[in-house]
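**Q** Requesting a structural model of the entry that follows:
(2 chains)
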Number of protein chains: 2
Amino acid sequence: MKNAVTIVEMGLRDGLQNEKTVLDAETRVEIARRLTNAGVKRLEVGAFVSPKWVPQMAGTAEIVAQSFALVKQGVIPKKTEFSVLVPNEKGMLDAIASGVKEVAIFAACSESFSLKNINCSIDESFKRFEPVMALAKKHKIKVRGYLSTCFGCPFEGKVSEAKVIKLAQRMYKLGVYEISIGDTIGVANAGQVELMFKKLKKVVPVKKLAGHFHDTRGQALANILAAYKVGVKIFDTSLGGLGGCPYAPGATGNVATEDVVYMFHGMGIKTGLDLSKLVDLNPMVAEKIQHPLPSKVGKVGVLKPLGKVSAQN
Amino acid sequence: MKNAVTIVEMGLRDGLQNEKTVLDAETRVEIARRLTNAGVKRLEVGAFVSPKWVPQMAGTAEIVAQSFALVKQGVIPKKTEFSVLVPNEKGMLDAIASGVKEVAIFAACSESFSLKNINCSIDESFKRFEPVMALAKKHKIKVRGYLSTCFGCPFEGKVSEAKVIKLAQRMYKLGVYEISIGDTIGVANAGQVELMFKKLKKVVPVKKLAGHFHDTRGQALANILAAYKVGVKIFDTSLGGLGGCPYAPGATGNVATEDVVYMFHGMGIKTGLDLSKLVDLNPMVAEKIQHPLPSKVGKVGVLKPLGKVSAQN
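**A** Sure thing, here's the model as predicted:
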């Protein structure tokens, strides 16, 4: 039997934070519940960032609390791993208070992006990680690391492979259990992805590497296939491609969970997810965010044959 | 240097025949001119089918005539290969009259699809090819063959690989110079594509095989990558993904030329096409067909870096 891949569901965080419509905590918990019911075992449910900057992530503590309550009630499976994004020590303290057992930290691979996005240099962002990692150790919280703009930066354009490799090593040494390599602006191509992961896996065990692709230029699924072919088995995806919009030219969503699952299942590779349940969840989410979701499998589903046609028809 | 791939542009035929808005011949010639100006060397410009059944293809003879006139005037490069689809002997006679030097014939791999689509069995469709091939030989016209529903049928569901292999062999023996293997309803996945072409190239030289993928389930680019990896170097694509619509759940366009070219160029594989010229052509075509085109690269283009950001910004 072929190896399975692990899907890390981003919809409630990376997806929703890029949507104009703010969803209340109750709706987000309901989406989390239905995702886990469709077999999702790892999901990022929010971020402990200032609601002034990211209003979409307000109520993250409530979502964590309610999700754990549903686990206790047996509604959500016990082994489900919930994670939240934390930008700094303050966010980490909120995360600890929420009772979450996993957090994610992030750094950019481009100085310009780091300055624009989090208002500090890459070096400074790594300094901010120190107290976060210390607190994580103390409270036995797992930490996942994101590296963004690994394949290109909206300001600087090309990002050097060597820089990505170096930062991945540096992040790994911090003690993160996994590093997600992000194509933040959806600019990567399959050739670049193949080369990057071939080099990355020389410095970080490939089991600890995840691929995080946005579909801005329609390349995400081909990029995932390219990464899989060099041994990557963990992929970040968003329900329905949340965070993008089929109408808006600039909207840059994560790759759609359904489209990725469709490919892997077709290849005989298990994901543990129930594709039809994910497809069924699309209309509710589309209604809540008030526009159609970009996922193509989410729209048309798997093939349901209409039945044989005979010459007499 | 890596091998180049050949793009066969489908927009003016497979694309437009699936659009609600009918474009006049003049507009279609202008699109053909701009496509060749962007480096397209092979394009299907229409079909000699009844305008009662496919009104979008009316005026094909005019398009052929005007395209050749532009070649004569030096506006379109001499080596450009124009092709038209012909369903039967009548269509072939129209094609001969138009002066075109290449035609394409098509058969399905599913009996139900054949019956519904062209109202005859697969065997009967092959019988219809006999006079067409005889005329082609007599008039020194190249013939390309399409096999449709190779990866799945809307009526029967699964299509057996063995059947596709057998029909590809049968079509090749007819004397077609190339066979385009079609995922007509966009249902294929990368694993299936890899297996299919590995088997196909045992019976038909891989140089004579083309991949024709629709993006109904977002799989087309990954499928092209999978086919390329087993040696396929010819792909059918549609400008902007013509024939699909980002709004409509059922709209099933060809894969977008721009998205395919973006991937191959990124991989260091030449296509001979000028991506920016293709992207520039998108708005005009979108205006004519009265809806946005599905191509993602067509929407956002290649990355144009905004410029470095310094800490003082």
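
**Q** Minimum distance to chain B, which residue of the stretch 1-150 of chain A gives it?
**A** Taking CB to the nearest CB, chain B has its nearest neighbour within the stretch 1-150 of chain A at A:Ser112, 3.7 Å off. Backbone N, C-alpha and C define where each C-beta goes, glycine included.

**Q** How is that residue assigned, secondary-structure-wise?
**A** The three-state assignment at A:Ser112 reads helix, by DSSP: H, G, I helix; E, B strand; the rest coil.

**Q** Contact partners for it?
**A** Residues counted as contacts of A:Ser112 (CB atoms under 8 Å, 6 or more residues apart in numbering or on different chains) are A:Cys153, A:Phe155, A:Glu156, B:Lys308, B:Val309.

**Q** For the stretch 151-300 of chain A, which segments count as strands?
**A** With strands called from DSSP state E, counting those that start in this stretch, the stretch 151-300 of chain A shows them at A:178-183, A:209-213, A:234-237.

**Q** The first one packs against which elements?
**A** Translated: strand A:178-183. Applying 3 or more CB pairs under 8 Å, 6 or more residues apart in numbering or on different chains; DSSP states H and E, one finds that strand A:178-183 contacts strand A:142-148, helix A:161-174, helix A:190-203, strand A:209-213, strand A:234-237.

**Q** Direction included, what does the first one pair up with?
**A** Right, strand A:142-148. As defined by DSSP bridges, the strand partners of strand A:142-148 come to strand A:102-108 (parallel), strand A:178-183 (parallel).

**Q** Would you mind checking the average pLDDT for that strand?
**A** For strand A:142-148, the mean per-residue pLDDT is 98.

**Q** Please put the alpha-carbon coordinates of it into PDB.
**A** The C-alpha coordinates for strand A:142-148 follow below in PDB (Å, rounded to 0.1, in the frame of the first residue of the first chain):
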ATOM      1  CA  LYS A 142       3.900  21.700  20.200                       C
ATOM      2  CA  VAL A 143       5.200  24.400  17.800                       C
ATOM      3  CA  ARG A 144       4.800  24.300  14.000                       C
ATOM      4  CA  GLY A 145       6.900  26.800  11.900                       C
ATOM      5  CA  TYR A 146       5.800  28.600   8.800                       C
ATOM      6  CA  LEU A 147       8.300  30.000   6.300                       C
ATOM      7  CA  SER A 148       6.500  32.400   4.000                       C
END
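
**Q** Centre of the chain to stretch A:17-26, how far?
**A** Relative to the chain's own centre, stretch A:17-26 is displaced by 16 Å; criterion: CA atoms, centre = their mean, to the nearest Å.

**Q** and that stretch, does that touch chain B?
**A** No - judged by CB under 8 Å from any CB of the partner chain, stretch A:17-26 makes no contact with chain B; its nearest approach is 14.8 Å.

**Q** how about that stretch as CSV, C-alpha atoms only?
**A** Taking Å, rounded to 0.1, in the frame of the first residue of the first chain, the C-alpha atoms of stretch A:17-26 are listed here in CSV:
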residue,chain,number,x,y,z
GLN,A,17,-8.2,35.9,7.5
ASN,A,18,-8.2,36.6,3.8
GLU,A,19,-12.0,36.9,3.5
LYS,A,20,-13.8,40.2,3.7
THR,A,21,-16.8,38.8,5.6
VAL,A,22,-16.1,38.2,9.2
LEU,A,23,-17.6,34.9,10.6
ASP,A,24,-18.7,34.7,14.2
ALA,A,25,-17.1,32.2,16.5
GLU,A,26,-20.2,30.0,16.5
